[in-house]
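Peer 1: when you get a sec, could you give me coordinates for this:
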Amino acid sequence: MRKNHTVSPSEMHSFRDPAVFNNADEDEQNHFTFRAVGLGLLIGTLMCFSNMYFGLQTGWISMMSLQSSLLGFAIFKPFQPMLRHKFGPIENVVLQTTAVATATMPLAAGFVGVIPAMELMTTDDNEGGALVLNGRQLILWSLGVAFFGVFFAIPLRKQTIIREKLKFPSGTATAQMISLLHQRPDPTLKKTVLRRRRGNEQQPLMSSSPTNYSAVSEEHFENNWKLKLRGLLVSFVASSVYTVTCYFVPVLTALPIFNWMTLNLIDFKAWEWYFTPSFSYIGQGIIMGLPTTLSMLLGCVVGWGVLSPVAFYAGWAPGPIGDWKTGSKGWILWISLGVMIAESIVSLIVVLIRTLVKFGYQRNKLVDYTPLLNTGDNGDDYIEAEEEEVDAPINQQVSKRVTIIGLLLSTIACIGLIRTVFGPDVLPAGMTLLAVVVAMFLSILGVRALGETDLNPVTGISKISQVLFAGIMPGSILGNLIAGGIAEAGAQQAGDLMQDLKTGHLLRASPKAQFYGQMIGSFASVFIATGAYLLYRSVYNIPGPEFPVPTAQVWLDMSRLVNGHELPSHVTEFVFAFAILFAVFVLIKELYPKHSWTKFIPQGIAFAIGMYNPPAFTLARVIGGFVSHFWNKYCETKGDHSCLEPYRVVGKVFIVVVASGFVLGEGTFAIVNMTMRAFNVPHF
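Peer 2: Model (predicted):
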């Protein structure tokens, strides 16, 4: 094997699990890198198609970090005895970083929002009407927005992860999942360090490892893994069978159970109230959790159960219920948009104020050490304190030079490619540069919000960019969409990489190796995501009954609003009322973060998603939220003799494994359905 590979031996050092890789030579180390990245690309491709499918349906996608680390381990597990060097946790970090970069391109490049919004434009929005980009143009657009967000994240790593130790909950959960899979201690367990204090000096003495971790026996681990694998396979098969069956029996996707409950006295289905018993929707609800799904349910009930009928019967939305322009579906969309913007902006303002306070009034930290030992005979006393964060070695970090050059080149590429795709007049070079600069500053706030709340407010960030550019370039709907798309891409890429870097930091992986994985995954996904979108567009009408792409309408309506278009009748009062209400909710959560009653305050983004998507999108996810809640409660109770008892031993992670199978099953076999649709396979 050649030795002139991209990754140097010093970078590869971080890939080693000391128990396994100490004797690996340079070629073998590079082999580990390429197998991790290669499998990450394969898994990421599968998840990219899955995210494209669900994104076009509902606008919702997942980072898939947990699923990719799980699948990577599952694929390598049967071959571990035959491998000269085992697949370890450090390698899994690189794999899932690459997979996440590949999987999230449908959102980062706007395939589930901005691109369909351009295809919805009318001659009132754009002189040429709808703009449908061809394959070459989609690839150039994706290349233009795929990389600069990665370089936004690199300088933020040391400040947010090392110094401030922000939580990044999803990244932390992924690190815990990888540690569990590879039988390692929980990396989030706090370590303590004994220090000798002499006067005002504090000197390191020794480190003490966590004492509450007990190694799991090999036999016990194998039994647990078999149960997880069985759960993954069974859930994958169940979801796959349902998906294929729905092609032949389409009625299964829209069961009018509410009509049945009222003996057809009320036509609930005409008001979009029906049930889709999708395993993938249930799986997504399990991953989202009960609080999020209940917030979605509240938005669904308020929007589709109250406001929609009110708007229709009051004559404010007299058109067909499902019409985006004159129907109540389009009328309540504005209210959900107001909620999203209000929560995102207030959250970002709170993060900005908190950041300014930290940097402006930072003082020397006085650590309150608790005496651990009595004063020694020599006058020293020993104290216990939390171990300081240790950053990766310099040769494993991305250099400032690479960051600066990469940011400059990716920005220049963005300007040139935007000009090539859309022409010199839609978004001039100066405006494109300004869009990247705006994206950078908004991404900083977005990353901080993500680190503290696990919510990357890309929706709000893109809308803020749309507002700004409406003032700079009034009347340009297309230019407004492009500027918003640039902001969303930067925030999405930066947030994804920061979550992965948190995972890598906890497991002591090389940031530079993760950076390479992110870049490779993003580049590959430019072509993968473009191909997936073209496939779906060639077989289905987008937007259409199967793929309504609700976020595309959100994008277009926002662009119309900030460029002076009038709102529907009487919706303005409701928009302001709900926007103010959820802005207050955000402030209450910030002012009283430790009070238990704040958990009953609905989440604004989830509420808005429940409002602009039909009830069928929400109801199955709420079921998933309850399944997750009750399973976690069940795992906390004492043992019983039920048939589920063997699975309780696996713990709370088992339900995440099942949910992953549900999501991946439908996402994968949707491609089978699309193929049958393309060949006109008959169905009922």
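
Peer 1: would you agree Ser319 is in contact with Lys329?
Peer 2: I think there's a mix-up here, since residue 319 is Gly and not Ser. No - counting by C-beta atoms under 8 Å, Gly319 stays clear of Lys329, with 9.1 Å between them. From N, CA and C alone the C-beta is placed, and that goes for glycine too.

Peer 1: have a look at these two and say which one is more surrounded.
Peer 2: Lys329 (27 against 15; other C-beta atoms under 10 Å).

Peer 1: which residues touch that one?
Peer 2: Counting by C-beta atoms under 8 Å, 6 or more residues apart in numbering, Lys329 touches 272, 308, 321-323, 614.

Peer 1: equivalent analysis for Arg419, please.
Peer 2: 429, 432.

Peer 1: how close does it sit to Leu138?
Peer 2: Distance, Arg419 to Leu138, by C-beta to C-beta, to the nearest Å: 16 Å.

Peer 1: Leu131 - nearest residue in space that isn't next to it in sequence?
Peer 2: Nearest in space to Leu131, with sequence neighbours left out and distances taken as C-beta to C-beta, 6 or more residues apart in numbering, is Met118 at 4.4 Å.

Peer 1: any idea of the mean pLDDT for the host helix or strand of that neighbour?
Peer 2: Using DSSP states H and E, Met118 falls within helix 114-120. Helix 114-120 carries an average pLDDT of 93.

Peer 1: could you do stretch 569-579 as well?
Peer 2: Rounded mean pLDDT across stretch 569-579 is 93.

Peer 1: what sits up against it?
Peer 2: Contacts of stretch 569-579 (C-beta under 8 Å, 6+ apart): 307, 311, 314-317, 331, 334-335, 337-339, 341-342, 567.

Peer 1: among the residues you listed, which lie within helices?
Peer 2: Here DSSP state H is the test, and those give 311, 331, 334-335, 337-339, 341-342 as lying in helices.

Peer 1: what is the most widely separated pair among the contacts of Lys329?
Peer 2: Spatially, the most separated pair among the contacts of Lys329 is Asp323 and Pro614, at 13.1 Å (C-beta to C-beta).

Peer 1: what pLDDT does the closest residue to Thr160 other than its chain neighbours get?
Peer 2: Distance criterion C-beta to C-beta, 6+ apart; nearest residue to Thr160, sequence neighbours excluded, is Leu166 at 4.8 Å. We have a pLDDT of 83 for Leu166.

Peer 1: A helix includes Leu166, no?
Peer 2: No - the assignment for Leu166 is coil, going by DSSP: H, G, I helix; E, B strand; the rest coil, so no helix is present there.

Peer 1: burial measure for it, as a count.
Peer 2: Count around Leu166 with other C-beta under 10 Å applied: 22.

Peer 1: any low-confidence regions in the stretch 151-300 of the chain?
Peer 2: Low-confidence segments of the stretch 151-300 of the chain (pLDDT under 70): 190-217.

Peer 1: same question for the chain.
Peer 2: For the chain (pLDDT under 70), the answer is 1-32, 190-217, 358-389, 453, 639-644.

Peer 1: so where do the strands sit in it?
Peer 2: 192-198, 201-208, 370-371, 381-386 (DSSP state E).

Peer 1: packing partners for the helix holding Met118?
Peer 2: If you count contacts as 3 or more C-beta pairs under 8 Å, 6 or more residues apart in numbering; DSSP states H and E, helix 114-120 packs onto helix 477-506, helix 550-562.

Peer 1: show me the contacts for the closest residue to Glu91 other than its chain neighbours.
Peer 2: Spatial nearest neighbour of Glu91, chain neighbours left out: Ala36 (4.6 Å); criterion: C-beta to C-beta, 6+ apart. Ala36 is in contact with 15, 72, 91-92, 94-95, 98, 517, counting by C-beta under 8 Å, 6+ apart.

Peer 1: what of Ala620?
Peer 2: Counted by C-beta under 8 Å, 6+ apart, Ala620 has contacts 275-278, 281-282, 285.

Peer 1: list the buried residues of stretch 78-97.
Peer 2: 85-97 (16 or more other C-beta atoms under 10 Å).

Peer 1: using PDB, write out every CA atom in stretch 597-610.
Peer 2: Output of stretch 597-610 as PDB, limited to C-alpha atoms (Å, rounded to 0.1, in the frame of the first residue of the first chain):
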ATOM      1  CA  TRP A 597     -42.700  23.700  36.200                       C
ATOM      2  CA  THR A 598     -40.900  25.200  33.200                       C
ATOM      3  CA  LYS A 599     -40.900  21.700  31.500                       C
ATOM      4  CA  PHE A 600     -44.600  22.200  30.900                       C
ATOM      5  CA  ILE A 601     -43.900  25.300  28.700                       C
ATOM      6  CA  PRO A 602     -44.200  24.200  25.000                       C
ATOM      7  CA  GLN A 603     -41.200  24.400  22.700                       C
ATOM      8  CA  GLY A 604     -41.900  27.000  20.000                       C
ATOM      9  CA  ILE A 605     -40.200  25.400  17.100                       C
ATOM     10  CA  ALA A 606     -41.900  22.000  17.800                       C
ATOM     11  CA  PHE A 607     -45.200  23.900  18.200                       C
ATOM     12  CA  ALA A 608     -44.700  25.500  14.800                       C
ATOM     13  CA  ILE A 609     -43.800  22.300  13.100                       C
ATOM     14  CA  GLY A 610     -47.000  20.700  14.500                       C
END
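
Peer 1: who touches it?
Peer 2: 58-60, 288, 291-300, 302-303, 336-337, 339-340, 342-344, 455, 457, 459, 582, 585-586, 588-589, 592, 617-618.

Peer 1: please repeat the previous calculation with a cut-off of 6 Å.
Peer 2: Stretch 597-610 is contacted by residues 292, 295-296, 298-300, 336, 339-340, 343, 582, 585, 589, 592, 618 when judged by C-beta atoms under 6 Å, 6 or more residues apart in numbering.

Peer 1: buried sites along that stretch?
Peer 2: By neighbour count on 16+ other C-beta under 10 Å, the buried set for stretch 597-610 is 601-610.

Peer 1: can I get those in JSON lines including distance to Ala175?
Peer 2: Output for the buried residues of stretch 597-610, formatted as JSON lines (distance: C-beta to C-beta, whole Å):
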{"residue": "Ile601", "distance to Ala175": "29"}
{"residue": "Pro602", "distance to Ala175": "29"}
{"residue": "Gln603", "distance to Ala175": "24"}
{"residue": "Gly604", "distance to Ala175": "28"}
{"residue": "Ile605", "distance to Ala175": "25"}
{"residue": "Ala606", "distance to Ala175": "25"}
{"residue": "Phe607", "distance to Ala175": "30"}
{"residue": "Ala608", "distance to Ala175": "30"}
{"residue": "Ile609", "distance to Ala175": "28"}
{"residue": "Gly610", "distance to Ala175": "31"}
